[in-house]
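> model this:
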Amino acid sequence: GGSGFLAAYLVKSLLTVGRLYKLNLKVICLARNLRSVEHRLSSYLESPDLSIVLHDISKPIPDNFPRANFIIHAASQASPKYYGVDPVGTLLANSSGTAFLLEYAVRSKAERFLFFSSGEVYGAPLNTNQLISEQDYGYLDPMNVRSCYAESKRVGETMCVAWGQQ
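Okay, here's the model as predicted:
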């Protein structure tokens, strides 16, 4: 999901810090839409430290995918305007995509895995006058199509814990 709003800033930051401090960082940006990558990362496309791989994360990771020490999973349709018209794509990126990346992390012996989750996982708070903490999980209506995002982010978090434990 390297061409998404937050992920693109992360890619730019990693490349900039790597260059400034001579860290020898190589960034592999996985994205499913070349135009989006070209738009978000236009001034970085010629960087020798950036590799763009076009792939839909809801599909298995190819066997020839380059090895990564650190995996940051930021692939998801995070806007209601997108997950409202493609709830299945949203569910698959956050569930199947997470499983595919976690399996790849195990296979490639990655050092770390970071999953971009969302405050949406907390659902509607039971007490609207109280701040939400990490231990609070409010109501999500599974019959509401909008819940595809929050529910799949919840399952993605649980998958990360399960893979880490096992």
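> From here on, just use CA atoms for contacts and neighbour counts.
OK.
> longest helix of the chain?
helix 147-165 (DSSP state H).
> Can you give the contact residues for that one?
If you take Cα atoms under 8 Å, 6 or more residues apart in numbering as the criterion, helix 147-165 is touched by 77-78, 83, 87-88, 90-91, 94-95, 98-99, 102, 115, 117-118, 120-123, 140-142.
> 6 Å - rerun?
Applying Cα atoms under 6 Å, 6 or more residues apart in numbering, the external contacts of helix 147-165 come out as 87, 91, 94, 95, 117, 120, 121.
> and these as a markdown table, adding secondary structure and pLDDT?
As requested, these are exported to a markdown table (DSSP: H, G, I helix; E, B strand; the rest coil; pLDDT from 0 to 100):
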| residue | secondary structure | pLDDT |
| --- | --- | --- |
| 87 | helix | 95 |
| 91 | helix | 96 |
| 94 | helix | 97 |
| 95 | coil | 97 |
| 117 | coil | 95 |
| 120 | helix | 91 |
| 121 | helix | 92 |
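> and the residue sitting nearest the centre point of the chain, how far is that from residue 99?
Nearest to the geometric centre of the chain sits residue 74, at 1.7 Å (Cα atoms, centre = their mean). Between residue 74 and residue 99 the computed distance is 13 Å (Cα to Cα, to the nearest Å).
> Kindly report the same for residue 81.
Taking Cα to Cα, one finds residue 81 at 25 Å from residue 99.
> who's more crowded, those two?
residue 99 (20 against 10; other Cα atoms under 10 Å).
> Look at the more buried one and report its pLDDT.
pLDDT recorded at residue 99 is 98.
> helix, strand or coil for the residue of the chain positioned farthest from its centre?
Within the chain, the residue lying farthest from the chain centre (Cα atoms, centre = their mean) is residue 129, at 30.9 Å. Counting by DSSP: H, G, I helix; E, B strand; the rest coil, the backbone at residue 129 sits in coil.
> Likewise for the one 5 residues further on?
Each residue gets one of three states, and residue 134 gets coil by three-state DSSP.
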